[in-house]
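Participant: all I have is the shape, not the residue letters:
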Ligand code: FRU
């Protein structure tokens, strides 16, 4: 009997193999139908939130919530990949695995962030040159019951490849079962590290400060405000300039919570305000909620830390899936991808300051041939630049049009909305909450609507009017073909250009 169990264990272990060291996504030959060609996806197994987004020594790191043993949520550990250009990823071994305590409790490594401690404030590093420190939530559990969540740290002396957990962990414990997702940054004016964390069920972001990343003191709390239909997770707080007024600098708080369509789905909201080193205060509280993305597949986004000053962008990366149905999406042997990194800024729109997101311009280097025959298009990884001077009715495009399915991206003139209709997009039956229509309220700029549409096998991102609104939506087309068909019901004027994308692998 023992032998049989042993053999089963070996078979399971090899079926759920650990990530290969140094697998280069660019050298990988995948042939799965829904595998994105220019978005990050793990080689195999489940992922959710991006974690520890930080630039260090020529590499952008992406750690991510990862199950090393299966294609659904569980055994949460920090998976790892690096990129030099934000497009081509190299897969690396799990950086921080789950573990079992001396007393038999298990600890999963939940979401968090990473910083470069270049002044060696933590004292973890042999010299003043410093190194990388990860700040994560230790989720302590027994028999699938969550017992406690507190914040812990681990440090790396080998460019983020391996981490040593600090023996004084946890560094911040307020005795709660739910207290998580630390995002840490260096605040130059007060010469302190600042941590934003959530008390999920109280819809609050707590801020703490530290001189050494080890000892933290409470600063202030923010919330509840805006959308409180569902728990708050994965906060981030960062300064941001207005692209149309360089003298205007604000602080932005983003939080993952429920979706504009209600609490069945997760989504994200943002607040614009000021931060004095102690408290974040949102401008005009009556204007919230303001949503970050109107598609149903964008969550847990946080910004990159330590982006070189010569670059200067604020880069946001989010998980392209939704907890409502995410574990059931029909992909194998991996599950979930990241959206394309986005550059965020502020812009005054109809007299109000708003967050604007654009795909990093690097993606244009992947453009291949221009598509001249839209209907006969054969690629499922394409970009469409679409502009519309609308008439009175609905106009738009049917994309990923096969012999049995299509997805509609349209402008509804009556409602003043851009929408993505995935009701007939292919496989919609794997979960009852998946089918439906995503809608974003939009304006016309000088009578015109412009869409940048990025389609990547099973992922669609639509940037409206240079990123004033964004919709990120997954689809799982069935049938053969991948044509694009324009439709308009009246006198609207349409201009379209489209390109095929070269694959990153
Ligand atoms: C958000 C989240 C986080 C948590 C992690 C666990 O998607 O629920 O709050 O740290 O996922 O995987």
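Facilitator: Structure's in. What do you need? Model, not experiment: these values are computed from the prediction.
Participant: what sits closest to residue 489 if chain neighbours are left out?
Facilitator: Residue nearest to residue 489 in three dimensions, not counting chain neighbours: residue 393, with 4.0 Å by CB to CB, 6 or more residues apart in numbering. For every residue, glycine as well, the C-beta is placed using N, CA and C.
Participant: show me the contacts for that neighbour.
Facilitator: Listed by CB atoms under 8 Å, 6 or more residues apart in numbering, the contact set of residue 393 reads 413, 414, 488, 489, 490, 492.
Participant: wait, a strand at it?
Facilitator: No - counting by DSSP: H, G, I helix; E, B strand; the rest coil, residue 393 falls outside a strand, being coil.
Participant: model confidence for it, exactly?
Facilitator: Model confidence at residue 393, given as pLDDT, is 85.
Participant: also residue 19?
Facilitator: You'll see residue 19 listed with a pLDDT of 45.
Participant: do the same with the one 4 residues further on
Facilitator: Model confidence at residue 23, given as pLDDT, is 57.
Participant: any idea how far residue 90 is from residue 307?
Facilitator: 19 Å (CB to CB, to the nearest Å).
Participant: swap in residue 345?
Facilitator: When distances are taken as CB to CB, residue 345 and residue 90 turn out to be 29 Å apart.
Participant: and if you look at residue 327?
Facilitator: Look at residue 327 and residue 90: by CB to CB, they are 27 Å apart.
Participant: same check, this time on residue 490
Facilitator: 50 Å.
Participant: out of those two, which sits in the busier spot?
Facilitator: With neighbours defined as other CB atoms under 10 Å, residue 490 and residue 90 compare such that residue 90 has more, 16 against 11.
Participant: and what about the more buried one, helix, strand or coil?
Facilitator: Residue 90 is classified as strand under three-state DSSP.
Participant: what bridges to it?
Facilitator: The bridge-partner assignment for residue 90, based on DSSP bridges, gives residue 24, residue 82.
Participant: touching, it and residue 81? I think so.
Facilitator: Yes - counting by CB atoms under 8 Å, a contact exists between residue 90 and residue 81, whose distance comes to 6.2 Å.
Participant: returning to that earlier point: angles on the backbone of the residue nearest to residue 489, please.
Facilitator: Backbone geometry at residue 393, expressed as degrees, to the nearest 10, gives phi -110, psi -170.
Participant: and the residue of the stretch 351-500 of the chain nearest the ligand?
Facilitator: Across the stretch 351-500 of the chain, the shortest distance to the ligand (CB to the nearest ligand atom) belongs to residue 472, at 15.1 Å.
Participant: residue 220 versus that residue, what's the distance?
Facilitator: 32 Å.
Participant: ok, now residue 131?
Facilitator: Distance from residue 131 to residue 220, counting by CB to CB: 30 Å.
Participant: same check on residue 42?
Facilitator: 37 Å.
Participant: tell me which of the two has more neighbours.
Facilitator: When neighbours are counted by other CB under 10 Å, residue 42 and residue 220 differ, and residue 42 comes out ahead with 25 against 15.
Participant: for that one, helix, strand, or coil?
Facilitator: coil.
Participant: ok, the closest residue in space to it that isn't next to it in sequence - contacts?
Facilitator: The spatial neighbour of residue 42 that comes closest, neighbours along the chain excluded (CB to CB, 6+ apart), is residue 334 at 5.0 Å. Contacts here follow CB under 8 Å, 6+ apart; on that basis residue 334 touches 32, 35, 41, 42, 43, 44, 45, 46, 47, 71.
Participant: and these, which of them are buried?
Facilitator: Among the contacts of residue 334, those classed as buried by 16 or more other CB atoms under 10 Å are 35, 41, 42, 43, 44, 45, 46, 47, 71.
Participant: chain neighbours aside, what residue packs nearest to the second one?
Facilitator: In this case it means residue 41. Residue nearest to residue 41 in three dimensions, not counting chain neighbours: residue 337, with 4.0 Å by CB to CB, 6+ apart.
Participant: for that neighbour, what are phi and psi?
Facilitator: phi -130, psi 170.
Participant: just residue 287 next, same as before
Facilitator: For residue 287, the backbone dihedrals (degrees, to the nearest 10) come out as phi -80, psi -10.
Participant: distance check, it against the ligand.
Facilitator: Counting by CB to the nearest ligand atom, to the nearest Å, the gap from residue 287 to the ligand is 26 Å.
Participant: wait, isn't that residue in contact with residue 352?
Facilitator: Yes - at 7.1 Å, residue 287 and residue 352 qualify as touching, with contact defined as CB under 8 Å.
Participant: now do the contacts for the residue nearest the centre of the chain.
Facilitator: The chain has residue 318 as the residue nearest its centroid, 0.7 Å off, counting by CA atoms, centre = their mean. Contacts for residue 318 (CB under 8 Å, 6+ apart) come out as 50, 268, 293, 298, 299, 300, 301, 338, 339, 342, 472.
Participant: can you list those residues in JSON lines and add pLDDT and distance to residue 250?
Facilitator: Putting the contacts of residue 318 into JSON lines (pLDDT from 0 to 100; distance: CB to CB, whole Å) gives the following:
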{"residue": "50", "pLDDT": "98", "distance to residue 250": "23"}
{"residue": "268", "pLDDT": "98", "distance to residue 250": "18"}
{"residue": "293", "pLDDT": "98", "distance to residue 250": "20"}
{"residue": "298", "pLDDT": "98", "distance to residue 250": "22"}
{"residue": "299", "pLDDT": "98", "distance to residue 250": "23"}
{"residue": "300", "pLDDT": "98", "distance to residue 250": "23"}
{"residue": "301", "pLDDT": "99", "distance to residue 250": "18"}
{"residue": "338", "pLDDT": "98", "distance to residue 250": "26"}
{"residue": "339", "pLDDT": "98", "distance to residue 250": "23"}
{"residue": "342", "pLDDT": "98", "distance to residue 250": "18"}
{"residue": "472", "pLDDT": "98", "distance to residue 250": "24"}
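Participant: paired strands for the helix or strand where the residue of the stretch 351-500 of the chain closest to the ligand lies, with orientation please.
Facilitator: Under the criterion of DSSP states H and E, residue 472 resides in strand 469-474. Taking DSSP bridges as the criterion, strand 469-474 forms sheet pairs with strand 459-464 (antiparallel).
Participant: can you list the neighbours in contact with the partner strand?
Facilitator: Contacts to strand 459-464, defined as CB under 8 Å, 6+ apart, come from residues 36, 39, 295, 297, 320, 337, 339-340, 357-359, 399, 407, 409, 418, 420, 440, 442, 449-454, 469-475.
Participant: any idea of the mean pLDDT in that strand?
Facilitator: Predicted confidence along strand 459-464 averages 98 (mean pLDDT).
Participant: cool, stretch 352-366 as well?
Facilitator: Confidence over stretch 352-366, taken as the mean pLDDT, stands at 97.
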